[in-house]
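Q: Generate a structure from the sequence data that follows.
(2 chains)
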Amino acid sequence: MKRFWRWLIPLAAVPVLALLAYGFRVSPRDIPSPLVGRPAPAFALATLEGAPLSLAGHRGNIVVLNFWASWCYPACYEEAPVLERNWRGYRDRGVVVVGVAIQDKREAAEKFVGDFGLTFPIAQDLKGTVSVDYGVYGVPETFFLDRQGRIRVKHVGAVTDDVFRKTVDRLLAEAGSP
Amino acid sequence: MSRVAIMMFAALILLGARPDPASAQSARPVSDDVVHEIAAQLRCVVCQNLAVADSPSEMASQMRAIIRERLAAGESPAEVQRYFVDRYGEWILLAPPRRGFNLLVWLLPLVAVAVGLVTAGALVWRWTHRRHGVRTPPVAVDPAMSERIRRELERGS
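A: Below is the predicted model of the structure:
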């Protein structure tokens, strides 16, 4: 009996330690999005120049939807050249990169676009409705949409060449390619 | 938040006694308290452990505007909450719903308190009842040690 009591206290710590060991291995930033696999929410915004930009306008294309902000340093600054480079590389193959600036000032967003020489379409989500529709937590976050308009991959953090190419190549290789 | 108070607020807005530019444009008057009530249950996504209702961040204020718009469009508070959960998952709720695996979060503290109380009670009972009757077993001391104690005592006296 006495022996049992002596072991009880250290044994009671085991489930607590196990829970902590599990908890500390899980990143609080990697929250699985319930949107992956579901149709991408439609949106109709305006580009920085004021032209209409809607998701419906890109139906049938693979869409790389990137949420960013000019104040998001350094991640957005790291991925901007990556997005531009890959947009140029893939645009002839039915891939379109769409940027959405969130919680940003128009002048600051324009300066960012100018500084990086971004040529892909960029809209501003002034009211935050599109960000919430896509369950965006922060910037940068990138959604890869297949030709059927479903969200296939959500990438949190700066997109690298490797992530972009692997994901887009996989979607391009899928059935339904022209 | 009582239902009467919500109705009173709604009545005030309807009467125009409380002009509110946001609700003036919308299809249906929305009380600030209903918006606050929903926002208080949602986690501010760009903060650490703060409700949408309490955060000064731009994202949170945009979310409050979205709550107001959806209510104005005729959605019920439950539908508005559903909208956020559909997009962010249950993570967005500050209090996890009381079902399934989440029950653990609600029940474990109660279980821990109960176990603690029972343990403490049992120990106190044992300590208070040992004095009478239960004799403590003699402590085993090896002969060399008892010899040494005897010598030390003699030297001291």
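Q: can we go C-alpha only for contacts and neighbour counts from here?
A: Will do.
Q: Now do the contacts for residue 109.
A: Just going to use chain A. Going by Cα atoms under 8 Å, 6 or more residues apart in numbering or on different chains, A:A109 touches A:A69, A:S70, A:A101.
Q: Recalculate using a threshold of 10 Å.
A: Counting by Cα atoms under 10 Å, 6 or more residues apart in numbering or on different chains, A:A109 makes contact with A:48, A:68-71, A:100-103, A:115, A:122-124.
Q: Look up how far A:G99 lies from it.
A: 11 Å (Cα to Cα, to the nearest Å).
Q: One more: A:E79?
A: Distance, A:E79 to A:G99, using Cα to Cα: 12 Å.
Q: right, and out of the contacts of A:A109, which lies closest to chain B?
A: Taking Cα to the nearest Cα as the measure, A:Q103 is the one of these closest to chain B, at 6.8 Å.
Q: dump the residue contacts of that closest one.
A: Residues in contact with A:Q103, defined by Cα under 10 Å, 6+ apart, are A:68-71, A:109, A:124-128, A:131, A:139, B:57-59, B:62.
Q: about what we covered before: so how do I select the buried members of the contacts of A:A109 in PyMOL?
A: Here is the PyMOL command that selects the buried residues among the contacts of A:A109 (16 or more other Cα atoms under 10 Å in any protein chain shown):
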select buried, chain A and resi 48+68+69+70+71+100+101+102+103+122+123+124
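Q: what would the contacts of A:A109 look like in a markdown table with secondary structure?
A: A markdown table is the format used below for the contacts of A:A109 (DSSP: H, G, I helix; E, B strand; the rest coil):
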| residue | secondary structure |
| --- | --- |
| A:L48 | coil |
| A:W68 | strand |
| A:A69 | coil |
| A:S70 | coil |
| A:W71 | coil |
| A:V100 | strand |
| A:A101 | strand |
| A:I102 | strand |
| A:Q103 | coil |
| A:D115 | helix |
| A:I122 | strand |
| A:A123 | strand |
| A:Q124 | strand |
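Q: So of the contacts of A:A109, which two are at opposite extremes in space?
A: A:Q103 and A:D115 (18.9 Å; Cα to Cα).
Q: how about the nearest residue to A:F164, chain neighbours excluded?
A: The shortest distance from A:F164 to any non-neighbouring residue, by Cα to Cα, 6 or more residues apart in numbering or on different chains, is to A:N86 (7.5 Å).
Q: and the gap between that neighbour and chain B?
A: The gap separating A:N86 from chain B is 28 Å, by Cα to the nearest Cα, to the nearest Å.
Q: show me what contacts that residue?
A: A:V95, A:V96, A:V97, A:T160, A:D161, A:F164, A:R165, A:V168.
Q: Am I right that the second one falls within a strand?
A: Yes - using three-state DSSP, the secondary structure at A:V96 is a strand.
Q: so it touches A:F120, yeah?
A: Yes - between A:V96 and A:F120 a contact is recorded at 7.7 Å, counting by Cα atoms under 10 Å.
Q: Overlap of the contact sets of those two?
A: A:W87, A:R88.
Q: List the contacts of A:A158.
A: A:66, A:68, A:74-80, A:82-83, A:139-142.
Q: With B:S76 instead?
A: Taking Cα under 10 Å, 6+ apart, we find B:S76 in contact with B:R70, B:R82.
Q: at contact distance from chain B, anything in the lengthiest helix in chain A?
A: Assignment by DSSP state H gives helix A:2-25 as the longest helix of chain A. No - judged by Cα under 10 Å from any Cα of the partner chain, helix A:2-25 and chain B are separated, with a smallest distance of 10.8 Å.
Q: From chain B, how far off is A:L45?
A: 16 Å.
Q: Is that residue located within a helix, as I assumed?
A: No - going by three-state DSSP, the assignment for A:L45 is strand, not a helix.
Q: ok, the nearest residue to it once chain neighbours are set aside - how many residues close by?
A: Leaving out its chain neighbours, the residue that sits closest to A:L45 by Cα to Cα, 6+ apart is A:L53, at 5.2 Å. By other Cα atoms under 10 Å in any protein chain shown, 19 other residues sit near A:L53.
Q: The helix or strand where A:L53 lies pairs with which strands, parallel or anti?
A: Element membership of A:L53 [criterion: DSSP states H and E] is strand A:52-54. With DSSP bridges as the test, strand A:52-54 is paired with strand A:44-47 (antiparallel).
Q: give the contact list for B:G89.
A: B:G89 touches A:I31, A:P32, A:S33, A:P34, A:L35, A:G135, B:R82, B:Y83, counting by Cα under 10 Å, 6+ apart.
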